[in-house]
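Peer 1: Here you go, sequence then predicted model.
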Amino acid sequence: MSLGDARRQARLRAMAHPVRLRMLSLLTGASLTAADVARELGLTHANASYHLRNLLSAGLIVQTGEERIRGGVAKRYRYDAERDRERDRETTAGPQHADTQRALFEAVAHELVRRTAEADWSVGGSMTDAELWVDPEVFREIRDRIAQASRDLHDAAKPPRTPGTIRTSATIAMFRMEEP
């Protein structure tokens, strides 16, 4: 396994944990400390710090600064979605990553179940689940529009509980399937 493959597998493994998925979502809208993350997710400070270190060592988040708090130093972290997209364009997932990729999708599925328990369906929503046969050009066009919508959501993200914002959930997976 090449170094690039090992790094990609480490990133996928780090993401394949429900708490870390929630942290990545939180860290999209703002740079937060371990204490901020712990408060928002109802974790202990030690647990939040542990998971943040895992995400940092996997290269999924970046340290954006430090600040003095009560005689100590608190590090701020942020998820850089654009950097992640660029890295994903440079590497491709091959069969050697299939098990890790499936573990990530399993964690995302569990996270989706958790989020739907908190959904407010009275204001509407959207869900699609399909296994379809479409023209390759149609697939590329729709995939690109969905990817742009995902970028737009990440770019629009604000810190948790920012006045005038609403809490939303988005889970997007679109991929070409192998022939049966």
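Peer 2: Yep, it's here.

Peer 1: V113 versus the residue lying farthest from the centre of the chain, what's the distance?
Peer 2: Distance from the C-alpha centroid of the chain, by CA atoms, centre = their mean, peaks at G71 (32.4 Å). Applying CB to CB, to the nearest Å, the value for G71 to V113 is 42 Å. Backbone N, C-alpha and C define where each C-beta goes, glycine included.

Peer 1: So what does the residue farthest from the centre of the chain look like in phi/psi?
Peer 2: Comment: the main-chain dihedrals of G71 come out as phi 80, psi -10, following degrees, to the nearest 10.

Peer 1: Same question for E179.
Peer 2: Per degrees, to the nearest 10, the residue geometry at E179, taken as phi and psi, is phi -60, psi 140.

Peer 1: what's the burial count for R161?
Peer 2: R161 is surrounded by 8 other residues when neighbours are defined as other CB atoms under 10 Å.

Peer 1: next one: R140
Peer 2: Neighbours of R140 under the rule other CB under 10 Å: 12.

Peer 1: A170 too?
Peer 2: The tally of other residues near A170 (other CB under 10 Å) stands at 11.

Peer 1: wait, isn't it in contact with L153?
Peer 2: Yes: at 5.6 Å, A170 counts as touching L153 under the criterion of CB atoms under 8 Å.

Peer 1: which residues in this structure form helices?
Peer 2: The residue ranges that make up the helices of the chain, judged by DSSP state H, are 3-15, 18-29, 34-41, 45-57, 81-90, 98-116, 136-156.
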